[in-house]
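1. Prediction below, plus the sequence it came from.
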Amino acid sequence: MTDRLVTIANFAFGPDPTSEAELARIKLETEGISCLLAGKNFTGMYWLLSGANRGIKLQVKECDAKRALEILSTYKEVNIEESELQDSTPEPSALKCPKCDCEDIEYEKFSKKLFYLSLLFLRFPLPFLKKSYRCNKCGHVWK
């Protein structure tokens, strides 16, 4: 076998293909496989056109390709837990209306009336913060 480089993975799409390619490169280099990221600079500079260049190519020597694919197949993606993605507002089901003791409430972050009035008069919307809770049963509003 020669020292010819072969492409074993492409990182063109996704939220951050540059970081994914770097993580795969680091994983292979910690296992002792030397590798190269082709197209990394192009994707960094012209990220909108990265799909035309087929993104970042992870290349290894032809003799290391089989072992590198085995290492990358055992590599598991890290998933962000749902608790980290949720909004920091309290859960509406845990709150109760102070007037009627009902649990059917909703959180209003912005004032809809002022939003539409600003759109009507100023020709662009201004989000006026309201940050209050409203009971769907009795209509009571509180902060």
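-> Noted; the coordinates are in hand. Fair warning: this is a prediction, and the values are worked out from it, not measured in the lab.
2. so where's this protein uncertain?
-> For the chain, the stretches flagged by pLDDT under 70 are 1-2, 47, 50-51, 75-94, 109-110, 127-130.
3. which one's the longest helix in it?
-> For the chain, the helix with the greatest residue count under DSSP state H is helix 17-30.
4. Can you give the contact residues for that one?
-> With contact meaning C-beta atoms under 8 Å, 6 or more residues apart in numbering, helix 17-30 is reached by 9, 11, 14, 35, 37, 40, 43-44, 50, 55-56, 58, 60, 68, 71-72, 75. In short, each C-beta sits where N, CA and C put it, glycine included.
5. and Leu95, what does it touch?
-> When contacts are counted by C-beta under 8 Å, 6+ apart, Leu95 touches Glu103, Ile105, Tyr133.
6. how about CSV for these, with distance to Leu23 added?
-> Formatted as CSV, those follow (distance: C-beta to C-beta, whole Å):
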residue, distance to Leu23
Glu103, 44
Ile105, 43
Tyr133, 42
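7. which of those are buried?
-> Buried residues within the contacts of Leu95, counting neighbours by 16 or more other C-beta atoms under 10 Å: Ile105, Tyr133.
8. among the contacts of Leu95, which are in strands?
-> Ile105, Tyr133 (DSSP state E).
9. so where do the strands sit in this protein?
-> According to DSSP E, the chain carries its strands in the segments 5-11, 35-38, 56-61, 105-110, 129-135, 141-142.
10. distance of Leu126 from Cys135?
-> Separation of Leu126 from Cys135 (C-beta to C-beta, to the nearest Å) stands at 27 Å.
11. Appreciated, that's everything.
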